[in-house]
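> coords below, sequence missing:
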């Protein structure tokens, strides 16, 4: 297909089965796309239909005012079981990350988000994992089988699990067991309800800035904007809000893997959910190319340190502001078992100016308190 010079299709180096396979080792790419329409609930579904439909819509979009260096490796064709699929994808993603590029999976079922996590365990690294989903993907800690509705249970149930922090954005309370929600609050994880997120979308930015891995389930979007998803519901994020979330993810220097999941395998090639998925990826890519410098060397300019003395915790709370990007961070002291995993005395947690203002009042910022409890267990 012929594309206009400004359309992404003219700038993405992609594999069609006939052209040369993109050599990600020889050429510098910033983003590498991989398709896998695998859905464990429907093994007869095409593994290529969803990714091909999304990339067709994506290629027709015009790039922003920046040069893009994107490779598309085509579709991952393993057909045995989801566990092996995620292991093989994890190895692929690890090699992409090691080359300095961001792997982006255009998937099917939510279980494919596990492949992102596997890419970290293969390197023996701790990961911060974030789900954008209406439902907590948890049923039991002891589950051996990998299911879309229990990805988190599968991760936490591993003998040597390497999940440092977990966050779910946009969960809807009536879809989730109160028992599980309380359990994960006790684990000091971040849980942000749909209503809270939509009331102030800026609250989502620090959470996404802290994530190494992001799994965006398109079922988090209300059905009016994305009708054919595996978790379709009347309530959810709007189309522009989910694009904003993807842009926040792309802007983060910490991001090492992104999965777009939750699309029904037999969706129409030009359905609203397919078009929106392409626009979500466009905003993710834009975020990658609009990143601002963030060295995290907080002891030197452009960072300014603010200290809030708190008698209730017996220490001063350190906040850091990057004067070039206006990004805020809070330093959480590291003691106990976690001190052997982090070389610094403080763990830097992304936050907003509102967290600093809250710290100057009587109430402690809850994210600081949760992370402090986690790091001092």
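Happy to help now that I have it. Small disclaimer: the values here were computed from a predicted structure and weren't measured.
> next up, the contacts around the closest residue to residue 48 other than its chain neighbours.
Nearest non-adjacent residue to residue 48, counting by CB to CB, 6 or more residues apart in numbering: residue 75, 4.7 Å away. To be clear about C-beta, it is placed using only N, CA and C from the backbone, and glycine gets the same treatment. Residue 75 is in contact with 34-37, 47-48, 51-52, counting by CB atoms under 8 Å, 6 or more residues apart in numbering.
> lowest pLDDT pick from the residues you listed?
Note: of the contacts of residue 75, the lowest pLDDT belongs to residue 47, at 80.
> quick one: that residue and residue 76 touch, right?
Yes - Residue 47 is in contact with residue 76 according to CB atoms under 8 Å; the separation is 7.4 Å.
> next, show the common contact partners of the two.
35-36, 38.
> in a markdown table: those, plus neighbour count and distance to residue 242.
Converted to a markdown table, the shared contacts of residue 47 and residue 76 look like this (neighbours: other CB atoms under 10 Å; distance: CB to CB, whole Å):
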| residue | neighbour count | distance to residue 242 |
| --- | --- | --- |
| 35 | 25 | 20 |
| 36 | 27 | 21 |
| 38 | 28 | 22 |
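> going by distance to residue 226, which of these wins?
residue 35 (18.5 Å; CB to CB).
> tell me the contacts of the closest one?
47-48, 50-52, 54-55, 72, 74-76, 105-107 are the contacts of residue 35 under CB under 8 Å, 6+ apart.
> also residue 74?
Residue 74 neighbours (CB under 8 Å, 6+ apart): 14-17, 34-35.
> one more: residue 239?
Contact analysis of residue 239 by CB under 8 Å, 6+ apart lists 221, 225-226, 276, 279.
> now residue 155
Contacts of residue 155 (CB under 8 Å, 6+ apart): 114, 117, 129, 161, 163.
> and what of residue 24?
32, 71, 73, 95-96, 99, 101.
> which of the residues you listed fall within helices?
95-96 (DSSP state H).
> kindly reformat the contacts of residue 24 as CSV containing distance to residue 65, pLDDT and neighbour count.
What follows is the contacts of residue 24, written out as CSV (distance: CB to CB, whole Å; pLDDT from 0 to 100; neighbours: other CB atoms under 10 Å):
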residue, distance to residue 65, pLDDT, neighbour count
32, 22, 96, 24
71, 21, 95, 23
73, 27, 93, 18
95, 31, 95, 16
96, 26, 95, 23
99, 26, 94, 14
101, 21, 96, 21
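> taking the centroid of this structure, which residue is nearest it?
What sits nearest the mean C-alpha location of the chain, by CA atoms, centre = their mean, is residue 214, with 1.2 Å.
> surely it is in a strand?
Yes - assessed by DSSP: H, G, I helix; E, B strand; the rest coil, residue 214 belongs to a strand.
> show me what it is bridged to.
Bridge pairing for residue 214 (DSSP bridges) gives the partners residue 130, residue 258.
> on that earlier part again, let me have the contacts of residue 24 in CSV, extended by distance to residue 372.
As requested, the contacts of residue 24 are exported to CSV (distance: CB to CB, whole Å):
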residue, distance to residue 372
32, 37
71, 41
73, 41
95, 36
96, 34
99, 36
101, 34
